[in-house]
Structure formats: C-alpha cells, structure tokens
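[1] Turn this into a structure:
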Amino acid sequence: MTDFFKTLLAGACVAMMLFMSAAVHAESGTAEDSQAVAERVEDLKKKVIGLNRDLFILEEDLLFPASTQFAVFLSVDAGEFLKLDAVKLKVNGDIVASHLYTDRQVSALERGGMQRLFIGNLKTGTHEVTAFVEGIGPDNRAYKQAASLAFEKGTDTAALEIRIQDRSSDYQPMVSIVEWE
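    Numbers count the residues shown, from 1 in each chain. Presented below is the predicted three-dimensional model:
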C-alpha cells in the first residue's frame, strides 16, 4: 500500500472516530449541543464521502493508467431478430469476460443502455478482440455468432464497442466490433 493511500485511510479512520465520539457526546448533552454535534457529524460524513470518492478515483488511475487502459462496451440495437442470452469476450486468445443476461438487463440494453463488459490494461501494439454472442434467433432457434477485430493500441486509452444490431435485409442479427475514436 502506498504512503498516499495510508494517509487517506488514516484520515478516514480519524474522521470515523470523531463521528463516533460526537454521537456519544450528543446523547449526554443539551438540545443545542446535540444540534451542533449533529451538524459537525453531517460535515464529517460529507468529508468522508468526499475522501472515499477521491480514493476510488485514485485507485482507478493506479489500476488502469491512461497509457494502458482498455475498455470494451456492449450495445444492442436489436430485439426483433435476437433475444440476447450470453456474451463471451476474448482478447489475444484469452477469455477476459463472460456474461449471462437476465430479461431485465436485455430490456435495458434494447432501450439504449450500454454495458461496460470489460476494463483492463493492454500494452501498446497490435491486439485481437473476439466477441461470441449467443441467444435465441429467428424462428426461436439457438443463435451463435462471433465477430473479431484486430486493432492497434497506442499510448492513449482504447475503447471498443460490441454492437448487436438487427439486419432487416436478411432478417438476421449482426454482431460487429468498432473502435471508438
């Protein structure tokens, strides 16, 4: 654990101890004292929440620095030709994410939602991403389709989107992977 995180953790612990002692003090004082203590407790709560948010942001930056950060999102513009059941994601031949969908999740995706399927680190260079989509296709038959994309990861954050769309030309769903600019 870095010194910075130790300092933040110590600050959060001190704030919590002050919070607990203020609560004990509030039980034994007058109404005015109780109100003043309650206000201080609320201020301390806000500070602890702010520290927690800052700690989360710092943790994200440390775990996934911008130079190596890689994210994959999933969107669905379908519903007529495919009822989504599962997605599996491979990066450079290794399975990095898989997800089984509930009816509620599928409904949210079909209404325009987007899922962050994976976030991780990739070094610069050429990489291959493959997405495997399973569900119920036309005529209530089991449906499986895969899509692949080879892309060049630079020094900036890379983001890809797996798009599942209805294709009315042949009444089939279509799976594609696109790189965000």
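[2] domains for the protein, by residue range?
    Per automatic domain parsing, the structural domains of the chain span 3-63, 69-179.
[3] Check those domains for me and report the most buried one.
    For the domains of the chain, average neighbour numbers computed from mean count of other C-beta atoms under 10 Å are highest in domain 69-179, which has a mean of 15. (C-beta placed from N, C-alpha, C; glycine too.)
[4] any idea which helix or strand comes after the lengthiest helix in the chain?
    Using DSSP state H to define each element, the chain has its longest helix at helix 31-63. Where DSSP states H and E defines the elements, the next helix or strand beyond helix 31-63 is strand 69-77.
[5] Tell me which strands that following strand pairs with, and in which orientation.
    Here strand 69-77 has these sheet partners by DSSP bridges: strand 114-121 (antiparallel), strand 158-167 (parallel).
[6] report the angle between the axes of the shortest one and helix 31-63?
    Translated: strand 114-121. 60 degrees (axes from the mean of the first three to the mean of the last three C-alpha atoms, to 10 degrees).
[7] ok now strand 114-121, how far from the chain's centre?
    Relative to its chain's centre, strand 114-121 lies at 6 Å (C-alpha atoms, centre = their mean, to the nearest Å).
[8] Give the bridge partners for the residue most central in space within the chain, please.
    Among the residues of the chain, the one closest to the centroid is Arg116, at 4.9 Å (C-alpha atoms, centre = their mean). On the basis of DSSP bridges, Arg116 is bridged to Phe73.
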